[in-house]
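Q: dropping the sequence and predicted coords here.
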Amino acid sequence: MSKAKTGKNGNFKYWIVAVFISFYVRFCGFLTRYIHGGDQKAREIDKRQRSIYAFWHNQQTFLLYPYRKQGKICVLVSQSKDGEYIAKALPKFKMQAVRGSTTRGGSAALRNLIDMAQEGYNPAITPDGPRGPIYNAHSGIIYLAQKTHLPIIAAGVACSHKFAVNSWDKFQIPLPFGKCAVIYAPPLWVGENDDIEECRKKLTDYLNDATKKAREAVS
């Protein structure tokens with residue numbers, strides 16, 4: 001796996017931020033009421049077999065707390081400096097980072113995700129990352145599902161108490177004392193002969209529909 005090059009000061013900075021992320025997310029998570037719903041078949045699959053998790057880029061912080069006990073998860077994280085903060089924080093939630101994206105290190109990252117899936121990990125991907133367009137899935141996750149034969153479990157997530165930063169995806173950060181809804185879309189299997197573009201569009205629709213329902217659940 002590729003790693004960002006950082007010196008001693010850089011590593012210390014990333015470590016400090018990772019500790020803060022871990023503390024803050026756990027603090028908010030403990031004081032947040034989680035609502036789980038959506039497709040029952042997807043929820044049952046999620047409990048008893050390995051899957052590929054999909055959620056939009058700006059919702060990923062909401063899932064660190066509830067997914068910390070989900071089992072072996074490896075998360076695709078961009079090779080940017082911002083991605084380094086996430087990569088350093090993930091082990092504190094018992095998750096592993098796979099560095100790469102659709103723009104940098106994509107093929108190597110895909111191979112690493114396939115290898116880790118074979119080792120028993122559940123890959124997790126934000127299919128509109130790392131640079132968008134927002135709420136529009138790229139095809140990389142579809143190829144991964146095709147090669148690993150794992151179903152894609154897509155979740156729409158919304159939090160009643162949050163604020164958004166000034167980024168391409170309006171990245172959302174949770175605030176305490178609110179509600180957070182995790183709504184599952186129907187599972188998506190991708191066969192060897194399935195049309196990649198068709199599956200990509202279906203995943204986009206699944207995620208957007210689940211996100212809409214999650215927002216309604218916390219409004």
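A: Done, it's in. Residues are numbered from 1 along each chain as shown.
Q: what bridges to the closest residue to residue 162 other than its chain neighbours?
A: Leaving out its chain neighbours, the residue that sits closest to residue 162 by Cβ to Cβ, 6 or more residues apart in numbering is residue 172, at 4.9 Å. Using the backbone N, CA and C atoms, a C-beta is placed for each residue, glycine as well. With DSSP bridges as the criterion, residue 172 is bridged to residue 164.
Q: touching, residue 172 and residue 178? I think so.
A: No - assessed by Cβ atoms under 8 Å, residue 172 is found out of contact with residue 178, at 11.7 Å.
Q: neighbour-wise, which of the two wins?
A: residue 172 (21 against 15; other Cβ atoms under 10 Å).
Q: show me what contacts that one?
A: Counting by Cβ atoms under 8 Å, 6 or more residues apart in numbering, residue 172 makes contact with 58, 59, 61, 62, 159, 162, 163, 164.
Q: switch to 6 Å and redo it
A: Residues near residue 172 by Cβ atoms under 6 Å, 6 or more residues apart in numbering: 58, 162, 164.
Q: pull up the gap between the last one and residue 35, please.
A: Looking back up the chat, that one is residue 164. Residue 164 sits 21 Å away from residue 35, taking Cβ to Cβ, to the nearest Å as the criterion.
Q: the two: who's more crowded?
A: Using other Cβ under 10 Å as the criterion, residue 164 and residue 35 rank with residue 35 on top: 15 against 11.
Q: what sits against that one?
A: 181, 217.
Q: check the one 3 residues further on too.
A: Shown in contact with residue 38 (Cβ under 6 Å, 6+ apart): 183, 184.
Q: for it, give the beta-bridge partners.
A: residue 184.
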